[in-house]
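>>> Build me a model from this:
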Amino acid sequence: MKDIQVLHKGKVYEGQVGYDHEEFMEITLHETDGFAAGDTAICFDFKRRLTMRVLHVSQSKVIMAPANAEVFHIQARPKKVYEELFGDEQSAVKSFKLNTFATINDDFKTTAVRITDVSQLGIGFEINDFSIKMHHVYNSMIICDDECIYPKLIVRYAHILEKTIRYGAELHSISQKDLNILRYYIVTQQFNQLMHA
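Numbers count the residues shown, from 1 in each chain. Model (predicted):
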């Protein structure tokens, strides 16, 4: 393991790098109490200095990603106009492939869906059902490993595929805690896909 120092809120922590990849870094620390998901820290050794953000904190480890990582662009955008997000001059947006289950709720009807991808524009899901209403706010529950998150989604488009229908929904609202869980889940799933490729 490589030694690294972490500058966080004016205090320097000594740590060891367990895993180092361009998408995220796992650092073992003797003390993690002061860290919280979303915090910014500077990680440095004799070769480099990186501005990172905390994705996940456990008793002895902190998982961080570069502060400018695409995963931090995923957030609720309730005040954005739909056309601003999907305009003609839009730049390429990185999409993270997922394969997890969720439910969307409308009044008294709960529908099971499969989440296929997430990007800063929103969440893609598939279902064999035409009853999903466009431009409608749905309560949802998304399974992220052994935790569930509860964002509100607005369905913006539908695309009929050969065997299913793919819907695109923007994140209307999500709590900061749920957003941190989602970001950590995305990064761990990308890591798992990389390891099994």
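>>> measure the residue lying farthest from the centre of the chain to A67 for me?
Centroid-distance maximum for the chain: F46 at 30.9 Å, with Cα atoms, centre = their mean. From F46 across to A67, the span is 21 Å (Cβ to Cβ, to the nearest Å). All C-beta atoms are positioned from the backbone trio N, CA, C, and that covers glycine.
>>> again with Y19
18 Å.
>>> re earlier: so the residue farthest from the centre of the chain: helix, strand or coil?
Three states are possible here, and by DSSP: H, G, I helix; E, B strand; the rest coil the one that applies to F46 is coil.
>>> quick one, phi psi at it?
Summarising the backbone geometry of F46 under the convention degrees, to the nearest 10, its torsions are phi -70, psi -10.
>>> same question, N192
Taking degrees, to the nearest 10 as the convention, N192 sits at phi -60, psi -40.
>>> Can you get me a residue count around it?
Look at N192: counted by other Cβ atoms under 10 Å, it has 10 neighbours.
>>> pLDDT score for it?
At N192 the predicted local confidence, pLDDT, stands at 80.
>>> mind checking how far it is from N99?
The separation that N192 has from N99, given Cβ to Cβ, amounts to 10 Å.
>>> which residues of the protein score low on pLDDT?
Counting by pLDDT under 70, the low-confidence segments of the chain come to 78-91, 196-197.
>>> which residue ranges form the strands in the chain?
In order along the chain, the chain carries the following strands (DSSP state E): 2-8, 11-20, 25-29, 40-44, 49-57, 61-66, 96-106, 109-119, 122-127, 137-144, 147-149, 152-160, 165-173.
>>> Which strands or helices does the last one pack on?
Right, strand 165-173. Contact here means 3 or more Cβ pairs under 8 Å, 6 or more residues apart in numbering; DSSP states H and E; on that basis strand 165-173 packs against strand 122-127, strand 152-160.
>>> Tell me which of those strands sits most buried.
strand 122-127 (a mean of 22; mean count of other Cβ atoms under 10 Å).
>>> Distance from that one to the middle of the chain?
14 Å (Cα atoms, centre = their mean, to the nearest Å).
>>> Not counting its own residues, what contacts it?
Outside of strand 122-127, the residues that reach it under the criterion Cβ atoms under 8 Å, 6 or more residues apart in numbering are 95, 102, 104, 111-118, 142, 151, 153, 156, 161, 164-171.
>>> which ones are touching the nearest residue to I63 once chain neighbours are set aside?
Taking Cβ to Cβ, 6 or more residues apart in numbering, and ignoring the residues beside it in sequence, I63 has H56 as its nearest neighbour in space, at 4.2 Å. Under the criterion of Cβ under 8 Å, 6+ apart, the contact list for H56 reads 37, 62-63, 180, 184.
>>> doesn't V17 make contact with K2?
Yes. Counting by Cβ atoms under 8 Å, V17 is a contact partner of K2 at 4.6 Å.
>>> Specify which residue of those two has the higher count of neighbours.
A side-by-side neighbour count of K2 and V17, using other Cβ under 10 Å, places V17 first with 15 against 11.
>>> Pairing-wise in the sheet, spell out the partners of the more buried one.
With DSSP bridges applied, the residues forming beta bridges to V17 are K2, I27.
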